[in-house]
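> Kindly generate the corresponding structure for this input.
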Amino acid sequence: MALENYFDQHMKIAKPFFFFFLLISIMNLINGCATLPNVSEKIDATPAAREPRQIVSAKGLLSQEKSKAIMERLKKSVNPTDILERYSVVLESVTESPLTKGNKVTLLIDGPATYAAMFEAIRSAKDHINLETFILEDDEVGKKFTDLLLKKQAEGVQVNIIYDSVGSITTPESFFQRLRDRGIQVVEFNPVSPFKVPGRWFMVGQDHRKILIADGKVAIIGGINISRVYSGKRSRREKVKGEPLSWRDTDIQIEGPSVTEVQKLFLDTWSKQNGPKLSERNYYPKIKEDGNALVRVVGSIPGSDNRITFISYVAAISYAEKSIHLTNAYFVPDKQILNAFMDAARRGVDVKIILPSITDFKMVLNAARHNYSGLLKTGVKIYERRNVMMHAKTAVIDGVWSTVGSTNLDSLSLLSNDEVNAVILSREFAVEMESMFANDLEQSDQIQCDKWVERPLLQKIKESFAHLFSRWL
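Numbering: from 1, shown residues only. As a prediction, the model looks like this:
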């Protein structure tokens, strides 16, 4: 009996470690062989003098002369910067997604503004609604969305939904079955359960995109999931000094030719996931130009040659000449991005990064803080946003290049997930982005280099430990 008690006691101690190492082993299997492309090689292999590919308008491909004239006008609207041509040439060497003109881009700050825009787009839809999301929760926000979608389905508007199996793992199957029973077509992305796809079980990759498309004419993308934590009400799970925590996030609404590129991403995912045959709808209507922004929709899928959002970030940071103002939720980048930030600061670029001070995943926060010292020493300015869960993934560079999307600067987003960002070339939109960034900056605390090196030893140990698992965070 004594031996049995001894064994039981030691098993209780060993079990947590067993499951911990089992988890790490699974993570190794998931992305242990995945690699990121060497962006500097792609930049070096791209002739600096090469003319960017023509811009696409609502009527089709513009001539080289008209495309060049548009870029020249944009260059004259801001302080001198080479980011426009140089960045465009690199991106055109790795993606078929065109740079399109004539887009109206509306900045949507936080959940309430985004949900209001989504509800309006849904209510106005006449032909179809395509929704792709990482999280679709069975809460008051999820029910409000699905009740409206069911209403539109009953009116004859075809609704198609893609949700991620891992992101929506707490949402009961009955929630989705109710939608299917009433005509909405639903696809579960990479089902966690092997019984749902016999002989084709997925262990890698999640659909981290957040996309809503109405009638192929309006698209909303960004970082906001379908969950009450974005609704303006505070989350009960995360707290600040005992008080529930709000989530801070950003989306955009696009109207114009670039909506077609968002639609292509949705339909391609539907096809790759073997979704049911789609109802015959006008998924690619004729679209009129609706604004002045140049937009490129950048989608990433697993595969070393398909990490387009990663290439987009590294190239833009590498070509920055004046300023880089970035906000990110889970900041555990690879060496290429870290080096790009540090090189930019060394050459005099104003590099400011806003990150969370509180997060829903403590290990990621510690892994992020492990990189602070190196960044601070080169002149990168780091700020932590107070009293909210900072979940936005945005950047504005040189007062003309902006991006909003789903991509975190961590291994999951950069290596494994399906992601989507929009890159917007527009001085007017960049001004709005800078205003939003300035507002977040006012509500953030700057990390001072001299004080940071004096932080407690225990905190340094936590950061070093978390850094060991950066590749899987």
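> CA atoms for contacts and neighbours, from now on please.
Will do.
> Wait, Pro112 touches Ser227, no?
No - between Pro112 and Ser227 there is no contact under C-alpha atoms under 8 Å: 11.3 Å.
> Looking at these two, which one has more neighbours?
Between Pro112 and Ser227, counting by other C-alpha atoms under 10 Å, Ser227 is the more crowded of the two (19 against 14).
> contacting residues around that one?
Taking C-alpha atoms under 8 Å, 6 or more residues apart in numbering, we find Ser227 in contact with Ile135, Leu136, Glu137, Asp139, Val141, Gly142.
> if we go to 10 Å?
Counting by C-alpha atoms under 10 Å, 6 or more residues apart in numbering, Ser227 touches Gly111, Ile135, Leu136, Glu137, Asp138, Asp139, Glu140, Val141, Gly142, Lys143, Phe145, Ser235.
> For my notes, please list the residues you listed in JSON lines and give neighbour count, pLDDT and secondary structure for each entry.
Below are these laid out as JSON lines (neighbours: other C-alpha atoms under 10 Å; pLDDT from 0 to 100; DSSP: H, G, I helix; E, B strand; the rest coil):
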{"residue": "Gly111", "neighbour count": "26", "pLDDT": "95", "secondary structure": "helix"}
{"residue": "Ile135", "neighbour count": "24", "pLDDT": "96", "secondary structure": "coil"}
{"residue": "Leu136", "neighbour count": "27", "pLDDT": "97", "secondary structure": "strand"}
{"residue": "Glu137", "neighbour count": "20", "pLDDT": "96", "secondary structure": "coil"}
{"residue": "Asp138", "neighbour count": "20", "pLDDT": "96", "secondary structure": "coil"}
{"residue": "Asp139", "neighbour count": "13", "pLDDT": "94", "secondary structure": "coil"}
{"residue": "Glu140", "neighbour count": "13", "pLDDT": "94", "secondary structure": "helix"}
{"residue": "Val141", "neighbour count": "18", "pLDDT": "95", "secondary structure": "helix"}
{"residue": "Gly142", "neighbour count": "18", "pLDDT": "96", "secondary structure": "helix"}
{"residue": "Lys143", "neighbour count": "16", "pLDDT": "96", "secondary structure": "helix"}
{"residue": "Phe145", "neighbour count": "19", "pLDDT": "97", "secondary structure": "helix"}
{"residue": "Ser235", "neighbour count": "18", "pLDDT": "49", "secondary structure": "strand"}
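> Just the closest of those residues to Val400, please.
Gly111 (25.2 Å; C-alpha to C-alpha).
> Just give the nearest non-adjacent residue to the closest one, would you?
Ranked by C-alpha to C-alpha, 6 or more residues apart in numbering and with sequence neighbours excluded, the top spatial neighbour of Gly111 is Tyr230, at 4.6 Å.
> count of residues packed around that neighbour?
For Tyr230, the neighbour count with other C-alpha under 10 Å is 23.
> pretty sure it is touching Ile135, no?
No - counting by C-alpha atoms under 10 Å, Tyr230 does not reach Ile135; the two are 11.5 Å apart.
> shared neighbours of the two, anything?
Residues touching both Tyr230 and Ile135 (C-alpha under 10 Å, 6+ apart) are Ile224.
> Pull out the buried residues from the host helix or strand of Leu84.
Leu84 belongs to helix 83-92 when assigned by DSSP states H and E. For helix 83-92, the buried set under the neighbour-count rule, 16 or more other C-alpha atoms under 10 Å, comprises Ile83, Leu84, Glu85, Arg86, Tyr87, Ser88, Val89, Val90, Leu91.
> gap between the fourth one and Met71?
Looking back up the chat, that one is Arg86. Separation of Arg86 from Met71 (C-alpha to C-alpha, to the nearest Å): 12 Å.
> now Phe465
47 Å.
> Show me the shaky parts of the protein.
1-34, 44-53, 80, 194-204, 232-244, 304-305, 473 (pLDDT under 70).
> Tell me which other helices or strands the longest strand anywhere in the chain touches.
Scanning the chain for the longest strand, with DSSP state E as the assignment, gives strand 100-109. Other elements packing on strand 100-109 under the criterion 3 or more C-alpha pairs under 10 Å, 6 or more residues apart in numbering; DSSP states H and E are strand 56-57, helix 110-124, strand 218-222, strand 250-255, helix 259-272, strand 293-300, strand 419-425, helix 427-442.
> got a list of what Val295 touches?
Val295 touches 55-56, 97-105, 254, 256-259, 261, 401-403, 422-426, counting by C-alpha under 10 Å, 6+ apart.
> relative to helix 427-442, how tilted is whichever strand or helix holds Ala69?
Taking DSSP H and E as the criterion, Ala69 maps to helix 64-76. Here helix 64-76 runs at an angle of 40 degrees relative to helix 427-442 (axes from the mean of the first three to the mean of the last three C-alpha atoms, to 10 degrees).
> okay, which residue is most central for this structure?
Ser406 (1.3 Å; C-alpha atoms, centre = their mean).
> residue contacts, it?
By C-alpha under 10 Å, 6+ apart, the residues touching Ser406 are 134, 208-211, 221-225, 250-251, 299, 309, 328-329, 391-394, 413, 418-422.
> Excluding chain neighbours, what is closest to it?
What sits nearest to Ser406 in space, not counting adjacent residues and going by C-alpha to C-alpha, 6+ apart, is Gly223, at 4.7 Å.
> same check, this time on Gly183
Closest to Gly183 by C-alpha to C-alpha, 6+ apart is Gln153, at 6.8 Å.
> Could you do Lys286 as well?
Ala58 (7.8 Å).
> what's the answer for Ile254, then?
Val105 (4.7 Å).
> Val396 is in contact with Ala422, isn't it?
No - if you go by C-alpha under 10 Å, Val396 and Ala422 don't touch, sitting 11.9 Å apart.
> Overlap in contacts, these two.
Taking C-alpha under 10 Å, 6+ apart as the criterion, Val396 and Ala422 both touch Ser402, Thr403, Val404.
> first vs last residue of stretch 58-69, how far apart are they?
This stretch, stretch 58-69, spans 17 Å end to end (C-alpha to C-alpha).
> Mind listing what's buried along that stretch?
Buried residues in stretch 58-69 (16+ other C-alpha under 10 Å): Ala58, Leu62, Ser67, Lys68.
> just stretch 430-447 next, same as before
Neighbour count says stretch 430-447 has Ala430, Met433, Glu434, Phe437, Asp440, Leu441, Ser444, Gln446 buried, by 16+ other C-alpha under 10 Å.
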